[in-house]
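*Asks:* Show me the folded form of this:
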Amino acid sequence: MEALIPTVNRLQDVFSTIGFAEPSVDLPQIVVVGSQSSGKSSVLESIVGRDFLPRGSGIVTRVPLIIQLNYVAPKSKIRGNDEWAVFLHAPDQKIFDFDEVREEIDRQTEKVAGAKKNIVDKPISLRIYSPNVLNLTLVDLPGITKVPIADQPADIETQVRALTLRYISKPNSIILAVSPANADLANSDSIKLAKEVDPGGARTIGVCTKLDLMDKGTDAVDVLSGRVIPLKLGMIGVVNRSQHDINTKKSLSSARQDEADFFSQQYPSLKHRCGAPHLAHTLNKLLMLHIRDSLPQLKTRIKKLQIETEEQLADLGEPLVQERDKSGQLLQILSNFSTTFKDTIDGRSTVATSSSELVGGAMICHIFHNTFAHSLGSIGPLDGLRLEDIQKTIRNTTGTRPSLFIPEASFELLVKKQIRRLLEPGLRCVELVFQELERLVHSCVSQELSRFRGLRDQVLEVSTRLLKDRLPETNAMVENLIAIEASYINTNHPQFEGGSGAMSKMLGRLSEEARGVNINGAAAAAPDAFPARVNTETGLSGYPASTVDFAPTPNPPREPYARDRAGVADVQFVNANARSSSLDSGMYTPQRQHSSPADRNSWANFLSFTRPAPERAPPPPGTPIILSTPTTDDFCRTGSTVHAAEEELTNLSSKERMEVELVQSLIDSYFSIVRDKIADSIPKTIMHFLVNHVQANLQTTLLQQLWVGQDYLDDLLLEDSQVAEQRARTSEMLSALHKATEIINEVSML
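*Replies:* Numbering: from 1, shown residues only. As a prediction, this is how the structure comes out:
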């Protein structure tokens, strides 16, 4: 057990030597905390038994002072002295006069923190050897202050508080909170800070000073008994030398005797629990137990740090000396970079598996199947097309003569316009994938590549240029895909519903709506019917492709006119005042007049479709067959089942409304087919022209453009001076960790 504290002291020296200002290894130690003039320095000197700390007004301790007390046998003398001190910054110099120790602390403080009253977290390590001390490690921190004086910084309170919390917040630190007894302990700054990091008081031990200066008639029995401020490690009272005793050079041995007499007279029941000697023994015991409990964890931590440091040193690499080393190093770096880039896209590299966000191939997949797919899906087939625009396009494509049928050119013009709207999402998808690849290039820069700044910059430049060179070709191919789809409208596509399908779907919908009107008894409210006549030679009920025309219901009866074309008989238009055949009797069940495969989807036949009609007696030859067709009221009566643009339809005739709805249905069908094709072809295009090409040619391009000559090779592999310094520090750290491991292994755990 006695060897534990020297072991930790050796570890402290190892890490202090390499400048472990913010150690990742939390070494067990006792941190002394107290406000100015609380008697903190006197407590430390009482434990050591020597005057060695600087004194004065204001902040005297401006840097942490690590004091390592080492017990030596009384016969262990050097130059006739059995007590001496050694500073870590001058390990070969032994100081036997403790006044010189005080002066060296002042000199080193000014060297580290400057001549002004600044606070700096650069510890001074002092080792004291004496037969009159117990093995301890104490850290003396600057006294807590509230108001800056003289040339102290305005934020001196914040600086001291931050420094104090940085040391006492470490779990392996025991907090020695010093508070004067002649002040209200409820306002103790040291106890308040200790409570912030150790609310339960599990690793806080209190020290109550200046008990001899309390008002007459008062005592500190409740405080020392732990009834005022409960601390698990207890509260110990001490009596320090007064300023008069210090000025008159009263010895510490005499002060200890006076302290013992004071507690025997004033606190006889507590005298065995008070005084500087008892405080030193208590701290020694607590520190040994604390070290024993934390040593296994400390050993594990040092081992982990050792492994991490070895990996970091391996990433920094060895200094390149021979030319052969440079050539091999360049080839290896470029190969590793290219492999990492490819593996990240394929999801096999550590960059992809260790990242908390989508990178590489996973992000590209997300762009294809989420971002791009959602963007395409947000474009509706009829977005941006008003009913008025469709109707005007139909009129413009008919020319000077009214058409019997919807011009095919109107459908093509409108659907091509909609297809071209798919170009913007496609180009945006290319841009997103390019940005991800560009980001991936930077994330693939390893520690090994970072050591050569010139090479790193060239690798990034060549890789980015390769990506940019592929961007125009990829964009051009995406544009071609859209242009290809718009160049030829394949109305014979197996998934395209065609004119007959669109007409059948529309009339079927209207039939259902009208049937609902009849069921509700609303059919009687429609006095007029929309008339149409069919070929009297065939006797077919419906709308033959070569004979059908539409007319608004309110118009008076039109005079019959005849067309003589390829066996098509005269067609008469009659305005029926009553429905001679109901919707259920087959008025929307025309049969195909021309059914050859060649003209299945032709615009001349798009109104021809087949639906069985109920059997009925055929009309006499030459008698016009009057069909009851939906009137304007029928379109408007269905309420919410019609399109949202119902108001626009009111300005159109029944024929124009029918034409507009047919074109809308055809655009919807064909646009959906093209959109599905684009959703599949653009990701494949990007993968082929951009992603796969860069993967396959990255390493070759890097070698071709960077392996150009020995002189250029020397410039590329010129190591950054900061990397060399980092390698030296890392190597030094690794040596210290190896030594720390050896020190811990020497301790036999009981």
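*Asks:* so residue 681 touches residue 484, yeah?
*Replies:* No: counting by C-beta atoms under 8 Å, residue 681 sits too far from residue 484 to count as a contact (9.4 Å). In this view, the C-beta of every residue, glycine as well, is placed from N, C-alpha and C.
*Asks:* The two - which one has more neighbours?
*Replies:* A count of neighbours by other C-beta atoms under 10 Å puts residue 681 above the other of residue 681 and residue 484, at 17 against 12.
*Asks:* Now do the same contact list for the more buried one.
*Replies:* For residue 681, the contact set (C-beta atoms under 8 Å, 6 or more residues apart in numbering) comprises residue 481.
*Asks:* Distance of it relative to residue 477?
*Replies:* Look at residue 681 and residue 477: by C-beta to C-beta, to the nearest Å, they are 10 Å apart.
*Asks:* likewise residue 188?
*Replies:* Residue 188 is 76 Å from residue 477, where distance means C-beta to C-beta.
*Asks:* Mind checking which of those two has more residues around it?
*Replies:* Comparing residue 188 with residue 477 by other C-beta under 10 Å, the one with more neighbours is residue 188, at 23 against 18.
*Asks:* three-state assignment of the most centrally placed residue in the chain?
*Replies:* The structure's the chain has its C-alpha centroid closest to residue 357; by C-alpha atoms, centre = their mean the separation is 6.3 Å. Following DSSP: H, G, I helix; E, B strand; the rest coil, residue 357 is assigned to coil.
*Asks:* ok now do it, which residues does it touch?
*Replies:* Counting by C-beta under 8 Å, 6+ apart, residue 357 makes contact with nothing.
*Asks:* Which helix or strand contains residue 32?
*Replies:* Using DSSP states H and E, residue 32 sits in strand 29-34.
*Asks:* CA atoms of that strand as CSV?
*Replies:* The C-alpha coordinates for strand 29-34 follow below in CSV (Å, rounded to 0.1, in the frame of the first residue of the first chain):
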residue,chain,number,x,y,z
GLN,A,29,-4.5,13.4,-6.5
ILE,A,30,-5.6,15.8,-3.7
VAL,A,31,-6.7,19.2,-5.0
VAL,A,32,-6.5,22.0,-2.4
VAL,A,33,-9.3,24.6,-2.8
GLY,A,34,-9.9,27.7,-0.8
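*Asks:* Next, the buried residues of the helix or strand containing residue 163.
*Replies:* Per DSSP H and E, residue 163 falls inside helix 156-168. For helix 156-168, burial by neighbour count (16 or more other C-beta atoms under 10 Å) applies to 156, 157, 159, 160, 161, 163, 164, 167, 168.
*Asks:* Include pLDDT and distance to residue 697 when you put those residues into TSV, please.
*Replies:* Formatted as TSV, these follow (pLDDT from 0 to 100; distance: C-beta to C-beta, whole Å):
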residue	pLDDT	distance to residue 697
156	84	62
157	87	62
159	88	57
160	90	61
161	91	59
163	91	56
164	92	59
167	91	56
168	92	59
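*Asks:* So which residues of the protein form strands?
*Replies:* Under the criterion DSSP state E, the chain contains strands at 29-34, 65-71, 84-87, 90-95, 124-130, 136-140, 173-180, 204-209, 235-237.
*Asks:* want to try CSV for those strands, with distance to residue 412 as columns?
*Replies:* Output for those, formatted as CSV (distance: least, C-beta to C-beta, whole Å):
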stretch, distance to residue 412
strand 29-34, 85
strand 65-71, 87
strand 84-87, 93
strand 90-95, 93
strand 124-130, 88
strand 136-140, 86
strand 173-180, 82
strand 204-209, 86
strand 235-237, 95
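*Asks:* Of these, which is nearest residue 244?
*Replies:* Among these, the nearest to residue 244 by C-beta to C-beta is strand 204-209 (16.1 Å).
*Asks:* starting at the chain centroid, how far to the closest one?
*Replies:* Relative to its chain's centre, strand 204-209 lies at 46 Å (C-alpha atoms, centre = their mean, to the nearest Å).
*Asks:* Please tell me how far the nearest residue to residue 151 once chain neighbours are set aside sits from residue 60.
*Replies:* Spatial nearest neighbour of residue 151, excluding adjacent residues (C-beta to C-beta, 6 or more residues apart in numbering): residue 116 at 5.3 Å. Taking C-beta to C-beta as the measure, residue 116 falls 13 Å from residue 60.
*Asks:* Go ahead and confirm residue 134 touches residue 69.
*Replies:* Yes: Residue 134 is in contact with residue 69 according to C-beta under 8 Å; the separation is 6.6 Å.
*Asks:* Show me which of these two is the more surrounded one.
*Replies:* Taking other C-beta under 10 Å, residue 134 and residue 69 do not tie; residue 69 has more neighbours (25 against 20).
*Asks:* give the contact list for that one.
*Replies:* Residues near residue 69 by C-beta under 8 Å, 6+ apart: 47, 48, 128, 130, 133, 134, 135, 136, 137, 138.
*Asks:* hmm, try it at 6 Å
*Replies:* 128, 133, 136 (C-beta atoms under 6 Å, 6 or more residues apart in numbering).
*Asks:* Likewise for residue 183?
*Replies:* So residue 183 contacts nothing (C-beta under 6 Å, 6+ apart).
*Asks:* Check the spacing between residue 424 and residue 229 real quick.
*Replies:* The gap separating residue 424 from residue 229 is 71 Å, by C-beta to C-beta.
*Asks:* repeat for residue 146
*Replies:* With distances taken as C-beta to C-beta, residue 146 is found 21 Å from residue 229.
*Asks:* who's more crowded, those two?
*Replies:* Neighbours were counted for residue 146 and for residue 229 using other C-beta under 10 Å; residue 229 has more, 20 against 10.
*Asks:* got a pLDDT number for the more buried one?
*Replies:* On pLDDT, residue 229 comes in at 85.
*Asks:* now swap in residue 192 and tell me
*Replies:* Looking at residue 192, the pLDDT reads 90.
*Asks:* residues near it, how many?
*Replies:* Count around residue 192 with other C-beta under 10 Å applied: 13.
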